[in-house]
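Peer 1: 3D model of this:
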Amino acid sequence: MDKEEIDRVFTPAARAALESFPIDTGDLALVSLSENVTFKVTDRRDGGAYVLRLHRPGYHTLAELDSEHAWIRALDDTGVEVPKPVAARDGRNYVPVTVAATGEQRFAGMARWTEGHLLSDVLAETGDQPTVESYFAQLGALTAAMHNQSSAWKPPPHFTRHHLDADGLMGDAPHWGPFWEHHLLSAAERDLLLDTRQRMHAWLARLGKEASGYSLIHSDMHPGNVLVDGERLTVIDFDDAGFGWHHYDIAVVLTYWQSKPDAAAIDRAFLDAYRAVRPLPEEALAAIRMFRLIRWMASIGWFHQRPELKRPSVFEERKAWVLEQCAALQRARLSAGVA
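Peer 2: Modelled structure (predicted):
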């Protein structure tokens, strides 16, 4: 869908939604179309900038979106940089709006605009190793601060978000889709993934769910979901946030850079900074290695659900690494005499 088509389909719905929010709408510009449709809005009264998101239908209920809103506000209260939510005139966090061109109904939410550049773009433009390490160290400290907040926070009554537990990650109907059904997998590759999924599910089911290691997590805090503005890092896009193991959050960041030659140094920078803010036992490192594999297995499911995305090189890289790791685990079990 090109920009002209996006404007035709979604801009009327965005303008209708904006009538419910306490601004005098001026400029309205499309920012992105991914799972959600995102616009930048200017208040003609004072020039203030806001972001309006039309959330994808069917992914979250209104109760789940309200819960996301509650956690973002709680993070903001503790000093974590996040987009500042803006309520509708009647106090609602989200308002329903119909996209006339498609007939679908979406929920619209608003936050104050955050200035900055995507950290992924900043990293792509620099070849300076100390700079890259510095950013990942900041991510380590930021991730630890979020885990400190979520493990100590008591959500309000009726708070509801999905769980990225054994079933949510490696169950029969995982949150990001049945990764073993991707059409580019051979029968042998599918069998290997199913075998690994079964064993990963059993391993996850044995992990504890104490708040010290299992609480609300962002679950998608790679550099493409972090804004840089000077020394400030702001976490955006809480669409996938839910209850899960802190190890998974860490794995999300580390897998982003793991194919680079300097990945080991980046891991150290992130983990050292994390540990300066929050304890991370040595035995947790082995679990993080397993969660790296789980992350990329889950991402194959995400690609399976998004066939319109034309990113074959990314998919093939992840598929190759996942299959290599699954095969290594299988060989290790066989050499140990484990069926």
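Peer 1: can you map out the strands along the chain?
Peer 2: Applying DSSP state E to the chain gives strands spanning 25-33, 37-43, 49-54, 85-86, 94-99, 104-112, 117-118, 163-164, 214-217, 226-229, 232-235, 242-245.
Peer 1: got the buried residues for stretch 165-177?
Peer 2: Asp165, Ala166, Gly168, Leu169, Met170, Pro174, His175, Trp176, Gly177 (16 or more other CB atoms under 10 Å). The way it works is simple: take the backbone N, C-alpha and C, and place the C-beta from them, glycine included.
Peer 1: mind checking which of those land in helices?
Peer 2: Counting by DSSP state H, these place Ala166, Gly168, Leu169, Met170 in helices.
Peer 1: number of nearby residues for the closest residue to the last one other than its chain neighbours?
Peer 2: Spelled out, it's Met170. Leaving aside its sequence neighbours, Met170 sits nearest to His201 (CB to CB, 6 or more residues apart in numbering; 4.1 Å). Using other CB atoms under 10 Å, His201 has 18 neighbouring residues.
Peer 1: cool, and Val235?
Peer 2: A count of nearby residues for Val235, using other CB under 10 Å, gives 23.
Peer 1: how about the helix-or-strand element of the chain with minimal mean pLDDT as PDB, C-alpha atoms only?
Peer 2: Here the helix or strand of the chain ranked lowest by mean pLDDT, DSSP states H and E is helix 312-335, holding a mean of 84. Extracted in PDB, the C-alpha atoms of helix 312-335 (Å, rounded to 0.1, in the frame of the first residue of the first chain):
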ATOM      1  CA  PRO A 312      14.000 -12.300   2.700                       C
ATOM      2  CA  SER A 313      17.600 -11.700   3.800                       C
ATOM      3  CA  VAL A 314      16.500 -11.100   7.400                       C
ATOM      4  CA  PHE A 315      14.300 -14.100   7.400                       C
ATOM      5  CA  GLU A 316      16.900 -16.400   5.900                       C
ATOM      6  CA  GLU A 317      19.600 -15.200   8.400                       C
ATOM      7  CA  ARG A 318      17.300 -16.000  11.300                       C
ATOM      8  CA  LYS A 319      16.100 -19.300   9.900                       C
ATOM      9  CA  ALA A 320      19.700 -20.500   9.200                       C
ATOM     10  CA  TRP A 321      20.800 -19.600  12.700                       C
ATOM     11  CA  VAL A 322      17.800 -21.100  14.400                       C
ATOM     12  CA  LEU A 323      18.100 -24.400  12.500                       C
ATOM     13  CA  GLU A 324      21.900 -24.500  13.300                       C
ATOM     14  CA  GLN A 325      21.100 -24.100  17.000                       C
ATOM     15  CA  CYS A 326      18.300 -26.600  17.000                       C
ATOM     16  CA  ALA A 327      20.500 -29.100  15.300                       C
ATOM     17  CA  ALA A 328      23.300 -28.500  17.800                       C
ATOM     18  CA  LEU A 329      20.900 -29.100  20.700                       C
ATOM     19  CA  GLN A 330      19.700 -32.300  19.100                       C
ATOM     20  CA  ARG A 331      23.300 -33.500  18.600                       C
ATOM     21  CA  ALA A 332      24.100 -32.700  22.200                       C
ATOM     22  CA  ARG A 333      21.200 -34.700  23.500                       C
ATOM     23  CA  LEU A 334      22.100 -37.700  21.300                       C
ATOM     24  CA  SER A 335      25.700 -37.600  22.400                       C
END
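Peer 1: lowest-confidence stretch among the strands of the chain?
Peer 2: Looking at the strands of the chain, the lowest mean pLDDT belongs to strand 25-33 (a mean of 91).
Peer 1: against which helices or strands is that strand packed?
Peer 2: On a contact count with 3 or more CB pairs under 8 Å, 6 or more residues apart in numbering; DSSP states H and E, strand 25-33 meets helix 3-18, strand 37-43.
Peer 1: reformat the ones you listed as TSV; add mean neighbour count and distance to His182.
Peer 2: Formatted as TSV, the helices and strands packed on strand 25-33 follow (neighbours: other CB atoms under 10 Å; distance: least, CB to CB, whole Å):
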stretch	mean neighbour count	distance to His182
helix 3-18	16	27
strand 37-43	20	26
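Peer 1: I'd like the ones you listed laid out as CSV, including distance to Val122.
Peer 2: Shown next, in CSV, are the helices and strands packed on strand 25-33 (distance: least, CB to CB, whole Å):
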stretch, distance to Val122
helix 3-18, 25
strand 37-43, 20
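Peer 1: nearest to Leu62, of the ones you listed?
Peer 2: Taking CB to CB, helix 3-18 is the member of the helices and strands packed on strand 25-33 nearest to Leu62, at 14.1 Å.
Peer 1: next, the angle from that closest one to strand 104-112.
Peer 2: Between helix 3-18 and strand 104-112, the angle comes out at 70 degrees (axes from the mean of the first three to the mean of the last three CA atoms, to 10 degrees).
Peer 1: for helix 3-18, give the mean pLDDT please.
Peer 2: 90.
Peer 1: what about that helix, distance to the chain center?
Peer 2: Computed by CA atoms, centre = their mean, to the nearest Å, the separation of helix 3-18 from the middle of its chain amounts to 25 Å.
Peer 1: follow-up on the earlier one: for the ones in helices among the buried residues of stretch 165-177, which one is nearest Gly242?
Peer 2: Distances from Gly242 to those, taken by CB to CB, are shortest for Gly168, at 7.4 Å.
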